[in-house]
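>>> structure of the sequence below:
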Amino acid sequence: MSLPERAMVLAAGRGTRLMPLTQTCPKALVEVAGRTLLSHQLDRLRDAGVEEAIVNVHHFADKVQAHLGERDDAPKIQISDERGCLLETGGALVRARPMLGDKPFFVMNSDVLWTQLAADPLRGLSQKFEAIEKPAAVLLLARKTHAMGLNTRGDFDLNADGRLRRRTGDEEVPYYYAGTQILDPALLDGEAERPFSANLIWDKALAKGALYGVVMDGFWLHVGDPEALDATNAYLAQGCG
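Sure, this is the predicted structure:
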């Protein structure tokens, strides 16, 4: 099994729900357990053997770039500059596509963590991706019963073959999108560079039966607001990470 050599880490967001912290600091540089969220993600990619990470910047872009400049560890970093216009999670991928290349790549949000697991979620994504027809996307899922920082009706349900189904209406579904995926760049074909959500890319894949999920076997932590940040730090301080 081969893992993607490249990844995109989404670090450009304003982090409005993490205010007042993000009035002076980008969300990606908020610290959890003594390390920035961005460093946690890059370490995960390094440990999985990813060679290159593209990091998009907008909010406090200079601070993010300075932080990355101090890193002397893999993966190699490239910057996708969105200072002029925040492109959201889909548009960011279109702008970065020349750097991402023509092979499948990981995409990671900067505000999610997971506990140490027996099975590496990135390898689980790669195994599923190798087994399915392409082009496709494979999303990492967290069980709602094994998640902290969100309290919603869920995002997806999972069919027996691993294909995803979106929640509809007031339905309760068992899984959250866990902020990490493998994406085939062909799913970006025809998309103009503009601000748009990656949900539009997923909808395209869903319509073709090409959106899959893999359920992680550990505990997932979403650091979306100050309360979730405090809860995450407390959880990890108990040695649960």
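>>> can we go C-alpha only for contacts and neighbour counts from here?
OK.
>>> which other helices and strands contact the longest strand seen in the chain?
Longest strand in the chain, counting residues (DSSP state E): strand 175-183. For strand 175-183, the packing partners by 3 or more C-alpha pairs under 8 Å, 6 or more residues apart in numbering; DSSP states H and E come out as strand 105-109, helix 121-131, strand 137-143, strand 156-158.
>>> same thing but 7 Å
If you count contacts as 3 or more C-alpha pairs under 7 Å, 6 or more residues apart in numbering; DSSP states H and E, strand 175-183 packs onto strand 105-109, strand 137-143, strand 156-158.
>>> just put those strands in CSV and tack on distance to residue 218 and mean neighbour count.
Compiled in CSV, the helices and strands packed on strand 175-183 are given as follows (distance: least, C-alpha to C-alpha, whole Å; neighbours: other C-alpha atoms under 10 Å):
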stretch, distance to residue 218, mean neighbour count
strand 105-109, 17, 23
strand 137-143, 8, 25
strand 156-158, 17, 19
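>>> could you give the separation of the longest strand of the chain from the chain centroid?
6 Å (C-alpha atoms, centre = their mean, to the nearest Å).
>>> and if you look at stretch 208-223?
What separates the centre of stretch 208-223 from the centre of its chain is 10 Å, taken as C-alpha atoms, centre = their mean.
>>> how far does that stretch stretch from start to finish?
32 Å (C-alpha to C-alpha, to the nearest Å).
>>> what's in contact with it?
Stretch 208-223 has contacts (C-alpha atoms under 7 Å, 6 or more residues apart in numbering) with 111-115, 117, 121, 124-125, 136-142, 146-150, 158, 162-164, 202, 205, 228-229, 232.
>>> buried among those residues? Make that a ChimeraX selection.
Of the contacts of stretch 208-223, the buried ones go into a single ChimeraX selection, burial set by 16 or more other C-alpha atoms under 10 Å:
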select :111,112,113,114,121,124,125,136,137,138,139,140,141,142,147,148,149,150,158,162,163,164,202,205,228,229,232
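>>> quick one: the helices in the protein?
For the chain, the helices defined by DSSP state H occupy 37-47, 61-69, 88-100, 121-131, 199-207, 226-235.
>>> now these as TSV including distance to residue 171?
Output for these, formatted as TSV (distance: least, C-alpha to C-alpha, whole Å):
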stretch	distance to residue 171
helix 37-47	32
helix 61-69	39
helix 88-100	25
helix 121-131	26
helix 199-207	18
helix 226-235	25
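>>> looking at those helices, which is nearest to residue 16?
Evaluated over the helices of the chain, closeness to residue 16 peaks at helix 226-235, with 10.6 Å, by C-alpha to C-alpha.
>>> now do the end-to-end distance for stretch 24-35.
Taking C-alpha to C-alpha, stretch 24-35 runs 17 Å from one end to the other.
>>> give me the buried positions along it.
Those would be 25-30, 32, for stretch 24-35 by 16+ other C-alpha under 10 Å.
>>> for stretch 183-191, same thing?
Buried residues in stretch 183-191 (16+ other C-alpha under 10 Å): 183-185, 187-188.
>>> before we move on, what about stretch 209-217?
For stretch 209-217, burial by neighbour count (16+ other C-alpha under 10 Å) applies to 210-217.
>>> and if you look at stretch 5-17?
Buried, per 16+ other C-alpha under 10 Å, within stretch 5-17: 5-15.
>>> dump the residues you listed into JSON lines; add pLDDT and distance to residue 46 as well.
Converted to JSON lines, the buried residues of stretch 5-17 look like this (pLDDT from 0 to 100; distance: C-alpha to C-alpha, whole Å):
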{"residue": "5", "pLDDT": "97", "distance to residue 46": "10"}
{"residue": "6", "pLDDT": "98", "distance to residue 46": "10"}
{"residue": "7", "pLDDT": "99", "distance to residue 46": "10"}
{"residue": "8", "pLDDT": "99", "distance to residue 46": "13"}
{"residue": "9", "pLDDT": "99", "distance to residue 46": "13"}
{"residue": "10", "pLDDT": "99", "distance to residue 46": "16"}
{"residue": "11", "pLDDT": "98", "distance to residue 46": "17"}
{"residue": "12", "pLDDT": "98", "distance to residue 46": "21"}
{"residue": "13", "pLDDT": "95", "distance to residue 46": "23"}
{"residue": "14", "pLDDT": "93", "distance to residue 46": "26"}
{"residue": "15", "pLDDT": "95", "distance to residue 46": "25"}
